[in-house]
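**Q** coordinates for the following, if possible.
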Amino acid sequence: MKAQSFEYQLRYANPPTPDAEARLRAKRVALAEFERLYARKPARMSWWSARSALWGGFATVCVVVIGVSVVWLMPPEHREGRVHLPAPRVEQRSEQTPPNRTSLKGEQKVETGSTPVAEAARGYPSTATAEAARGAPSPSASGAVREVPPVSQPPRERKQSQVGRARPSPAPTERPVQAKEPAPSPPVAASSPELPGQTTTFAEQVVVTGARLQNRPPQQSASPTTVVVGAQAANETSALEEVSVTGDKRPGVLSGLFSRKVSAPPTPAPVAPTPAEGRDKFQHFETNPVKRAADDPVSTFSVDVDTASYSFVRRKLKEGRLPQPDAVRVEEMINYFDYAWPVANSREEPFKPTVAVSDSPWGEGKKLIHIGIKGYALPARQQPDVNLVLLLDVSGSMNAPDKLPLAQRSMTLLLDALKPTDTVAIVVYAGAAGEVLPPTPVKDKETILDALNALRPGGSTAGAAGIKLAYELAERSFRKGGVNRILLATDGDFNVGITDQNELKGFVEREREKGVYLSVLGFGEGNYRDEMAQALAQNGNGVAAYIDTLNEAKKVLVQESTASLFPIAKDVKVQIEFNPATVAEYRLVGYETRALNREEFNNDKVDAGDVGSGHTVTAIYEITPVGSKGRLIDERRYADSSGDARDKGNEYGFLKIRYKLPNGFRSRLLQQPILMDAGVPAALAEDVRFSTAVAGFAQILRGGKYTGSLRFEDVIREAEGALGEDAYGYRDEFVDLVRRAQRARGM
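**A** Residues are numbered from 1 along each chain as shown. Purely as a prediction, here's the structure:
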C-alpha cells in the first residue's frame with residue numbers, strides 16, 4: 001500500500017514553479033560537495049566498498065520485488081491513476097474568522113484547518129493568493145464581505161489549489177441543495193513524511209454536495225469520516241448529505257494529501273410508512289371445544305376481570321384493520337362493560353351469583369347460560385389508605401406519543417382519584433432501574449407531577465430490574481391494613497435481565513404472598529407484548545388493562561379506580577357440573593387462558609383471579625339440551641345414565657364458586673343449582689342481550705367456529721336493541737366498532 005501511494009505521489013505531485021537562479025546555486029553546491037567527497041578517492045574500489053555495493057543492489061532488488069507484488073495484489077480500483085476533484089466553489093470568508101474553524105451555513109458544513117505555512121511547504125499558493133485566484137470575497141474597510149467574480153484557472157492549477165484545502169461552500173439558501181450524481185471515489189494514498197522544520201497540521205475537509213438519502217444510516221469506515229446531517233425543514237424527513245472527507249489524523253503525517261468520499265444515491269420517492277401490523281405478541285390459544293356432558297360433565301375456570309383485549313381490538317378497528325385472532329379474548333370483551341347484576345350487601349359476603357338462561361342466537365336448539373357476579377362496592381369511608389408505586393417503562397421502545405407521554409398523562413388523572421393521605425412513589429427502568437421519587441403523600445401533588453413530567457424515554461428495557469426495585473420500595477413503605485400495589489406501565493418488551501416469562505411469574509408469585517400486588521397497564525402497538533402483561537397481572541393478583549386513549553385512562557383509573565385498587569375477593573374460581581340427563585353438550589364461551597383442572601377447584605394453594613370493589617364478571621355457557629337436533633357429538637352406544645341425574649330432571653347443572661377474602665387464607669364456598677326454568681329476569685333482559693351480542697361479535701373476530709351463520713348485521717341488531725342507560729357511551733361505541741369490522745372485512 002505504501003509503495004503504491006509513493007508512486008501515486010511521484011506521478012501526480014505538482015511541484016512549485018522552479019526558480020532558475022535557485023537551481024543554479026543548488027547545482028554548484030552539489031558539484032562542490034561531490035568534488036570534496038569523491039574527487040580524491042583512489043580509482044580502485046576497496047573490498048568493503050564492493051561488499052556494500054553488493055548488499056545495496058540486493059536490497060534494491062528486494063524493494064522492487066515487494067513493490068511490484070503489492071501493486072499486483074492490490075484491488076483494481078486502487079490502481080487507478082486518476083484523481084476526481086470537483087470544481088471549485090465560491091467561498092465567503094471574513095477576517096474575523098480564525099483558522100481551524102467549523103462554519104455551519106444552512107444545511108452545509110465546512111471544516112478547515114490547513115495553515116499558510118503547511119500549504120507553502122507543500123508547494124501550494126497561500127490562502128490569500130488562492131482565494132484571490134478563485135475570486136473569493138475580500139473584506140472591505142467595514143469588515144463586510146463582498147463577492148468577487150471568479151477567475152478561471154487552467155485545469156492543472158485548479159486541481160493543485162484544491163488538494164488538502166477546505167472546499168468553499170456557497171451562500172446559504174432557504175431551499176435544500178439539489179442532488180447530483182456522486183463522483184467516483186479516488187484511490188487512497190498515504191501522506192508523505194514530515195519535512196524538517198515544517199509545522200504538521202491535522203485537518204479534515206468536509207464538503208456537502210447535496211445528495212440526500214432518506215432514512216439510511218451513515219456508511220461505516222475504518223478511517224476517520226465526518227457525517228453531516230442537513231437541517232430538517234418543516235414536514236420534511238431527515239436526510240443524509242453526501243460528504244467528502246480529506247485528511248489523515250495519524251501523528252507525523254501531513255494532512256490533505258489524499259481524498260476519500262462517502263456518497264449517497266439519489267433520493268428515492270417518498271414511501272408511506274407501513275403500519276406495524278402483526279408484530280404485537282399475544283399468547284396463542286385454541287377456542288374451547290364442545291364437550292359431551294356424559295363424558296366430561298365438570299367445567300372449572302378462574303374468573304377474569306381484565307379488559308385489555310377490548311381496548312386493543314377497538315384500536316385496531318378504528319385504524320381500519322381487523323385484529324389478529326389471538327388478540328381477541330371473548331371474556332375480556334364481555335367484561336369490558338358494566339352489567340346490573342345484583343350486588344351483595346356485606347363486605348364479608350362480597351358477591352352473590354346470578355344465573356339467567358336464554359336461547360342462543362347463533363345455534364338453533366341451543367341455550368345460553370349467563371353466570372354473573374358483581375363485587376361489593378366499598379364506601380369511601382371503608383376504603384383503606386393506598387401505598388402505590390408507579391413503575392414506568394422509560395426505555396427506547398416507549399418513545400412514542402401513545403406510550404410514555406400517554407402514560408404520564410394517565411398517571412396525572414390517577415392522582416385526582418387518590419386520597420390526600422395516600423402515598424405515591426415512582427420507579428423507572430430502561431437499561432437499568434432507578435428510584436425517581438420516594439413515597440410522597442398525594443397532598444404534595446406538585447412534587448409528584450414534577451417528577452412524573454421530567455421523565456424521558458431512551459435505552460434498553462431492564463424490566464425485571466425495575467420490578468424488583470419497585471417491590472423493594474413497596475415493602476419499605478408497606479402499610480399494614482392498607483393497599484400496597486405496584487402499577488406497571490409498559491409495552492411489555494423486556495430485553496435486559498430476566499426475560500423468561502416463567503421466571504418472572506415465579507418472582508411475582510413469591511412477592512404477592514407478602515401482600516404487595518401488581519397491576520399492568522399496556523401502551524402502544526407494534527412492539528406490544530400482551531402475553532407478558534397478562535402473565536404478570538394474573539400472577540401478581542392484579543388487573544391487566546390496555547390504554548389506547550386518554551378516555552380509556554379515565555375509565556380505568558378514575559371511573560373504575562376503586563375496582564382497580566381495592567380487592568374485595570381473591571382466588572375466585574367457578575365450577576359447574578352439568579346434568580347428563582338434561583344437557584347433552586356444553587361449551588364455555590371464552591376463558592381459554594383461565595381454564596383449571598377439576599381437582600384445582602378445592603386446592604387453596606392454586607392461584608385464581610381477583611375481584612375488585614364494584615367489578616362485574618360474566619361467564620356464558622352454550623348448552624345443547626337432551627333431545628335437541630343441534631347436537632354435534634353422537635350419542636354413545638353404551639351410555640349409562642345415572643339415577644341421581646334422572647332425579648334432578650329440572651336442573652341443567654350445579655354451580656359452585658370458591659373465593660378468599662383479601663386477607664384470608666382459607667376459601668369459602670357458594671353454590672346453587674341452575675334450573676331449567678330460570679329464564680331471564682326483566683331487569684336483566686337488556687344486559688343479557690347486550691352481553692350475548694358482544695360474545696357473538698368476539699367469536700366472529702376469532703373465526704366464528706361455533707357461531708354458524710351469525711353475521712355482523714345480527715350483532716348490530718341485537719346490540720342496538722339493548723343499549724339501555726349508556727351513561728358514558730360505551731355501548732354505542734361498540735355498535736360503531738361492529739360496523740367498522742364489517743367494513744374492514746368487506747362484508
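
**Q** got the CA positions of the strand ranked longest in the chain in PDB?
**A** Counting residues, the longest strand found in the chain (DSSP state E) is strand 567-578. Below are the C-alpha coordinates for strand 567-578, written out as PDB (Å, rounded to 0.1, in the frame of the first residue of the first chain):
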ATOM      1  CA  PRO A 567     -59.800  -6.000  46.100                       C
ATOM      2  CA  ILE A 568     -62.800  -7.500  47.800                       C
ATOM      3  CA  ALA A 569     -62.100 -11.100  46.900                       C
ATOM      4  CA  LYS A 570     -59.100 -13.100  45.600                       C
ATOM      5  CA  ASP A 571     -58.600 -16.600  44.100                       C
ATOM      6  CA  VAL A 572     -62.100 -16.700  42.700                       C
ATOM      7  CA  LYS A 573     -62.900 -19.900  40.900                       C
ATOM      8  CA  VAL A 574     -66.000 -21.200  39.200                       C
ATOM      9  CA  GLN A 575     -67.100 -24.800  38.700                       C
ATOM     10  CA  ILE A 576     -70.200 -26.200  37.000                       C
ATOM     11  CA  GLU A 577     -71.300 -29.800  36.900                       C
ATOM     12  CA  PHE A 578     -73.700 -30.400  34.100                       C
END
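
**Q** now do the following helix or strand past it: which elements does it pack against?
**A** Per DSSP states H and E, the first helix or strand lying C-terminal to strand 567-578 is strand 583-589. Under the contact criterion of 3 or more Cβ pairs under 8 Å, 6 or more residues apart in numbering; DSSP states H and E, strand 583-589 touches strand 291-292, strand 298-302, strand 616-625. C-beta: built from backbone N, CA, C; applies to glycine.

**Q** now with 10 Å?
**A** Secondary-structure packing of strand 583-589 (3 or more Cβ pairs under 10 Å, 6 or more residues apart in numbering; DSSP states H and E): strand 291-292, strand 298-302, helix 330-334, strand 367-374, strand 567-578, strand 616-625, strand 651-660, helix 685-701.

**Q** which of the ones you listed sits closest to residue 70?
**A** Across the helices and strands packed on strand 583-589, residue 70 has its closest neighbour in helix 685-701 (68.7 Å, Cβ to Cβ).

**Q** Three-state assignment for residue 411, please.
**A** helix (DSSP: H, G, I helix; E, B strand; the rest coil).

**Q** does it really touch residue 445, like I thought?
**A** No: if you go by Cβ atoms under 10 Å, residue 411 and residue 445 don't touch, sitting 11.5 Å apart.

**Q** between those two, what contacts are shared?
**A** residue 424 (Cβ atoms under 10 Å, 6 or more residues apart in numbering).

**Q** more neighbours: the two, which one.
**A** Neighbour count, other Cβ atoms under 10 Å: between residue 411 and residue 445, residue 411 has more, with 24 against 16.

**Q** so how far is residue 32 from the more buried one?
**A** Distance of residue 411 to residue 32, given as Cβ to Cβ, to the nearest Å: 91 Å.

**Q** okay, now the domains of this protein?
**A** Per the record, the chain has its domains at 2-78, 86-269, 336-371+568-631+644-745, 384-562, by automatic domain parsing.

**Q** so what's the residue count around residue 285?
**A** 13.

**Q** and the pLDDT for it?
**A** For residue 285, the pLDDT comes out at 95.

**Q** so what's the closest residue to it other than its chain neighbours up against?
**A** Once flanking residues are discounted, residue 285 sits nearest to residue 592: 4.3 Å by Cβ to Cβ, 6 or more residues apart in numbering. When contacts are counted by Cβ under 10 Å, 6+ apart, residue 592 is found next to 283, 285, 286, 287, 288, 301, 329, 330, 331, 702.

**Q** farthest-separated two in those?
**A** 301 and 702 (17.4 Å).

**Q** who wins for neighbours among the contacts of residue 592?
**A** Neighbour max across the contacts of residue 592 (other Cβ under 10 Å) = residue 329, 29 neighbours.

**Q** can you give me the pLDDT of it?
**A** Looking at residue 329, its pLDDT stands at 97.

**Q** show me where the stretch 51-200 of the chain dips below the pLDDT cut-off.
**A** Judged by pLDDT under 70, the stretch 51-200 of the chain has its weakly predicted residues at 71, 74-200.

**Q** before we move on, back to that, would you mind saying which of the helices and strands packed on strand 583-589 lies nearest residue 386?
**A** strand 567-578 (12.0 Å).

**Q** can you give me the angle that closest one makes with strand 298-302?
**A** Using axes from the mean of the first three to the mean of the last three Cα atoms, to 10 degrees, the inter-axis angle of strand 567-578 relative to strand 298-302 is 160 degrees.

**Q** buried residues, strand 567-578. List them.
**A** Buried residues in strand 567-578, defined by neighbour count with 16 or more other Cβ atoms under 10 Å: 567, 568, 569, 570, 571, 572, 573, 574, 575, 576, 577, 578.

**Q** and the furthest pair within these?
**A** For those, the maximum inter-member distance is 30.5 Å, found between 567 and 578 (Cβ to Cβ).

**Q** which stretches of the protein have low pLDDT?
**A** Counting by pLDDT under 70, the ranges of the chain that qualify are 1-18, 38-50, 71, 74-278, 494-501, 637-648, 747.

**Q** three-state assignment of residue 351?
**A** Per three-state DSSP, residue 351 ends up coil.

**Q** tally of neighbours for it?
**A** 24.

**Q** list the contacts of it.
**A** 341-344, 372-376, 568-569, 572, 611, 615-617, 657, 659, 670.

**Q** show me how to select, in PyMOL, the buried members of the residues you listed.
**A** The buried residues among the contacts of residue 351 can be selected in PyMOL (16+ other Cβ under 10 Å) with this line:
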select buried, resi 341+344+372+373+374+375+376+568+569+572+611+615+616+617+657+659+670
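
**Q** now do the longest strand of the chain: which elements does it pack against?
**A** strand 298-302, strand 367-374, strand 583-589, strand 609-612, strand 616-625, strand 651-660, strand 668-675.

**Q** tell me which of the ones you listed sits most buried.
**A** Ranked by mean neighbour count, the helices and strands packed on strand 567-578 are led by strand 609-612 with a mean of 26 (mean count of other Cβ atoms under 10 Å).

**Q** first-to-last residue distance for stretch 363-381?
**A** For stretch 363-381, the first-to-last residue distance is 48 Å (Cα to Cα, to the nearest Å).

**Q** swap in stretch 589-602?
**A** Terminal residues of stretch 589-602 are spaced 23 Å apart (Cα to Cα).

**Q** what about residue 473, which SS state?
**A** Residue 473 - assigned by three-state DSSP - is helix.
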